[in-house]
Every structure is written in structure tokens, then in C-alpha cells.
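Peer 1: when you get a sec, could you give me coordinates for this:
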Amino acid sequence: MDCHTPGCRGEHEAGTISHSVTYQERSIVLHNVPAQICPECGDVVLAEETTIIIEDLLRRKARSKQGSFVYEP
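Peer 2: As a prediction, the model looks like this:
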């Protein structure tokens, strides 16, 4: 997939990232999140399925006092 960043000619490649999100007034970091990443500029795209899984993971684990979790599909 071509990069969406204006002026960048890179193409996204499959990889994993650490994704931080604010959920219920808390900062939470999710590790090993699958993403499409542009090696030229660092632009990141998450698939819709991935965002749905992240939302579910946050709902299930947000009561924990942990500040980071591993992505679990």
C-alpha cells in the first residue's frame, strides 16, 4: 500500500508497534500491535479489525492497574 503522507514515496510494510492510547482518563500502552508501517517516513496504519480488537482489549483489561498490555487477538 502506498504511503498516505504527502510527498512520501514509500510503501507500507507489515510490522508491529507499541501503541499508546488514553482510555478512561488513563494512558495505556499496547505492545506488539500489528500495523502497516512506512519505512521512509514512519506513517502507521491500523486495520479496522485491529482497532476493534484494541477496543475490546481495553474494555476487558482497563480495570487492571497495569499501564501496558500485550496485544492479544
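
Peer 1: tell me the pLDDT of the nearest residue in space to residue 18 that is not next to it in sequence.
Peer 2: The spatial neighbour of residue 18 that comes closest, neighbours along the chain excluded (CB to CB, 6 or more residues apart in numbering), is residue 31 at 5.0 Å. Placement of C-beta: from N, CA and C, glycine included. At residue 31 the predicted local confidence, pLDDT, stands at 95.

Peer 1: ok, residue 33 - contacts?
Peer 2: Contact partners of residue 33, counting by CB atoms under 8 Å, 6 or more residues apart in numbering, are 16-19, 46, 50, 54, 71.

Peer 1: scan those residues and report the most crowded one.
Peer 2: Each of the contacts of residue 33 was scored by neighbour count (other CB atoms under 10 Å); the top score is that of residue 54, with 20 neighbours.

Peer 1: show me what contacts that one?
Peer 2: If a contact means CB under 8 Å, 6+ apart, then residue 54 has 19, 21, 30, 33, 46, 71 as its contacts.

Peer 1: cool, and residue 48?
Peer 2: Counting by CB under 8 Å, 6+ apart, residue 48 makes contact with nothing.

Peer 1: from residue 63, how far off is it?
Peer 2: As defined by CB to CB, to the nearest Å, residue 48 lies at a distance of 26 Å from residue 63.

Peer 1: show me which residues of the one helix or strand residue 35 maps to are buried.
Peer 2: Taking DSSP states H and E as the definition, residue 35 sits inside strand 26-37. Taking 16 or more other CB atoms under 10 Å as the neighbour-count basis, strand 26-37 is seen to contain the buried residues 28, 30, 33-37.

Peer 1: any idea which of those residues is closest to residue 7?
Peer 2: Nearest to residue 7 among these, counting by CB to CB, is residue 37 at 17.4 Å.

Peer 1: show me what contacts that closest one?
Peer 2: By CB under 8 Å, 6+ apart, the contact list for residue 37 reads 12-15, 17, 43-45.

Peer 1: just the buried subset of these, please.
Peer 2: Buried members of the contacts of residue 37, scored by 16+ other CB under 10 Å, are 12, 17, 43.
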